[in-house]
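Q: only geometry, no sequence info:
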């Protein structure tokens, strides 16, 4: 068995962060805002409660087995701990794990759970709680959206969620060796396994408590049991949900000593106008800004442009049975790629989004040897060149014998900036010669049109990373991926490179794996223009300059556990 | 009257069942599914459909739903508050929407009647003109514009009331949304009252009462207002239902966890059970309100009771 320090240095080198998430740092000062419930900075032996109120969307689920959205994962992470958590630089650090060991072949992980790890009702957190928590996710009865995640993490029998696999949840490669020791078996070493342990699907669930609550488990404050730094103290759907420091948490004293806020309230506010007024009235400590609010607030203390992991791209339909065959023509796709002035598009959107340079977003993953960001190593694979776009268009027109008309499918219910983006894409494609008809639909309908019916020409779609590794994007465009690759783009060279990274030489050699992904992205975006990257989503917000400690992760769950007043 | 009411109730129940069936069919025709996320595989979708019984034929689902509904089970939410019982979700939200709607109705009725009576009694004077201008503005300004103006000036600038709904002071924090919502009913009721009142004031029996020397305030309250109220009550029913169903934008602006915003989310996210339950409740409210209005109409004017009862 190798020891922890060595492991981090060697087989897990992929995990080491690239030196900070550039999404945000709350370093503003000269505050003009204080929370209405806070004691502000005067914390000299103050007994008053330090509290923050943050703007949020409605909380969908507190069940780690059924949640699917970022907001739910953030709330779960407030009050439930995993074996690991992510630090501010995206590195996994122990949470409930006191220590862990990895076998020489990188296939067996043995975690020792802290003796003082307790549930809020005083029960010890046991190895069986992890076994139970994981098994709930793969249990077909729970129909979890994330039931595949153990398979992605290379956990043995991770495919047991599939009833056709002939396996059951008991076959999943996690075992309680004794009350405080968890053993996880992998089928192949995984560079991001430890990071994934900070993801709620990998969290423990108190078996006795959950079984007692039955189908009411996690549906109300009384039916949720915390083992993390906060306990949930109120939850009014559509209105707010609150957390207070958990005195049963092993790190409680450290949290108090660090002056971590005692209470965090997430207030559901969906209207951007009144949210801003509420922030300006000093009633809330964070506020999301809409595109039209950005300019007026750019100079406000606490203004933050937060870069998210979502990468928006044009998926092009090259299905054999597609109505329009034009997109099989490489010149058509190249013309589309060169036609887009991505800088102008994100300027028009004005919401903190940045121009895409490839399919892998900024700050997702780092070079295992140098620590450089993937985008630094890969460089910009797309560029705006109208002349070139026109040349490609003319060449395509000559080959096809007609002008090219396309329908651009996009979402109308995901914010104004996305509608602006679609209009901008239309404008720039038309500059190159295309005729573009916009087809805006609500997201559910848009998805149905291209996922179920494959009835589309070009769709402006997105992918949010599930874990901090290029694989989360690279898997999308493999010819064997019939779930996500709706455009049916297929390229043997690409498949070969991605397979080599994931199941070939890349398994044992992180450098080879990295290079394979770099080369694969080049094939996808540059050589074959299988998809056309457009922008990486950003969100503009204002954070009360008096607070700090909110950790944004472009992949993984944002961490609101460490908020302090400066 | 009893026969009339019984018949109306039976028709209402049949109508509601038809509405429910229509809702089921419409939900089924809607593109996409509640689970149509880009990350779901077909196998996962099949599991979800199975878990929530959506793999069953529409008629089976309909009858199951009606059966469960009779025991108060409206199903669970698929997307908005995952696995929450819809009945529980509606409980809290319904009372908030009802409160804000009722407050708006009270404000609208008081202001509307006052403006209308003032205008009618001062027919063709500057008071009438001012009241009419206010009414026209009230009808023309959408409630969300009024809401934003009130939020900015009354709550943010003057800090007289909270900007957002606050659970710990519900009435105070619902005053602003109620005011915003009441703009349109105020104007409608004022206009209606004015024209009715002018008609009534010019009628023979009022002239007779005046000639008999009945005091002015008695004349207005006992005779004129009572007769003016009959047609007004008929418009107040639909106004009330409009207030209750049309408050989704106001709920969004003021952060109110009401039923209107829930229904919009339900539609956007294809959360079938939420959409069906909210739409059904709105239909129920509409039908019940109309029923009550009809009955009240009869109570106020015996002529109607007699004629309808005999029909």
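A: Okay, I see it. Keep in mind that this is a model prediction, so the values were computed, not measured.

Q: So which elements touch the helix or strand where residue A:313 lies?
A: Secondary-structure element containing residue A:313, defined by DSSP states H and E: strand A:303-316. Contacts defined by 3 or more Cβ pairs under 8 Å, 6 or more residues apart in numbering or on different chains; DSSP states H and E place strand A:303-316 against helix A:330-339, helix A:416-432, strand A:458-463, strand A:531-543. All C-beta spots, glycine's among them, are computed from the backbone N, C-alpha and C.

Q: Now the element after the second one, going C-ward?
A: Which is helix A:416-432. strand A:435-441.

Q: any idea of the pLDDT on residue 206?
A: If you meant another chain, say so; for now it's chain A. pLDDT recorded at residue A:206 is 97.

Q: oops, I was thinking of chain B
A: The predicted local distance difference test score for residue B:206 is 84.

Q: same thing with residue B:310?
A: For residue B:310, the model assigns a pLDDT of 40.

Q: quick revisit: just give the strands next to the strand holding residue A:313 in its sheet, each with its orientation.
A: According to DSSP bridges, strand A:303-316 forms sheet pairs with strand A:458-463 (antiparallel), strand A:531-543 (antiparallel).

Q: quick one: which of these is nearest residue A:123?
A: Comparing the strands paired with strand A:303-316 by their distance to residue A:123 (Cβ to Cβ), the top pick is strand A:531-543, with 36.2 Å.

Q: Let me know the next secondary structure element after that closest one.
A: Stepping forward along the backbone from strand A:531-543, the first helix or strand reached (DSSP H and E) is strand A:547-548.

Q: what separates residue A:296 from residue A:282, distance-wise?
A: In this structure, residue A:296 and residue A:282 are separated by 18 Å, where distance is defined by Cβ to Cβ, to the nearest Å.

Q: Quick check: which element contains the closest residue to residue A:237 other than its chain neighbours?
A: For residue A:237, ignoring the flanking residues on the chain, the nearest one in space by Cβ to Cβ, 6 or more residues apart in numbering or on different chains is residue B:81 at 4.7 Å. Under the criterion of DSSP H and E, residue B:81 resides outside all helices and strands.

Q: wait, what's in contact with residue B:81?
A: A:58, A:59, A:60, A:61, A:237, B:89 (Cβ atoms under 8 Å, 6 or more residues apart in numbering or on different chains).

Q: what about the third one, how many neighbours?
A: By the criterion of other Cβ atoms under 10 Å in any protein chain shown, residue A:60 has 24 neighbours.

Q: Tell me which helix or strand it sits in.
A: Following DSSP H and E, one finds residue A:60 outside all helices and strands.

Q: do the last one as well
A: In this assignment (DSSP H and E), residue B:89 forms part of helix B:86-121.

Q: now the strands for the stretch 351-500 of chain A?
A: Using DSSP state E, counting those that start in this stretch, the strands assigned to the stretch 351-500 of chain A run over residues A:354-355, A:405-411, A:435-441, A:458-463.

Q: so where's chain B shaky on pLDDT?
A: Using pLDDT under 70 as the threshold, the predicted model of chain B has low-confidence ranges B:1, B:36, B:245-246, B:298-311.

Q: Show me where it has its helices.
A: Under the criterion DSSP state H, helices of chain B are mapped to B:2-29, B:42-51, B:58-70, B:86-121, B:126-140, B:143-150, B:170-201, B:204-211, B:216-218, B:226-245, B:248-253, B:259-268, B:272-300, B:302-310.

Q: okay, these in JSON lines with mean neighbour count and distance to chain A next?
A: Output for the helices of chain B, formatted as JSON lines (neighbours: other Cβ atoms under 10 Å in any protein chain shown; distance: least, Cβ to the nearest Cβ, whole Å):
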{"stretch": "helix B:2-29", "mean neighbour count": "14", "distance to chain A": "12"}
{"stretch": "helix B:42-51", "mean neighbour count": "18", "distance to chain A": "4"}
{"stretch": "helix B:58-70", "mean neighbour count": "14", "distance to chain A": "15"}
{"stretch": "helix B:86-121", "mean neighbour count": "20", "distance to chain A": "6"}
{"stretch": "helix B:126-140", "mean neighbour count": "15", "distance to chain A": "21"}
{"stretch": "helix B:143-150", "mean neighbour count": "18", "distance to chain A": "6"}
{"stretch": "helix B:170-201", "mean neighbour count": "22", "distance to chain A": "10"}
{"stretch": "helix B:204-211", "mean neighbour count": "12", "distance to chain A": "48"}
{"stretch": "helix B:216-218", "mean neighbour count": "10", "distance to chain A": "43"}
{"stretch": "helix B:226-245", "mean neighbour count": "19", "distance to chain A": "17"}
{"stretch": "helix B:248-253", "mean neighbour count": "23", "distance to chain A": "5"}
{"stretch": "helix B:259-268", "mean neighbour count": "23", "distance to chain A": "6"}
{"stretch": "helix B:272-300", "mean neighbour count": "19", "distance to chain A": "11"}
{"stretch": "helix B:302-310", "mean neighbour count": "13", "distance to chain A": "42"}
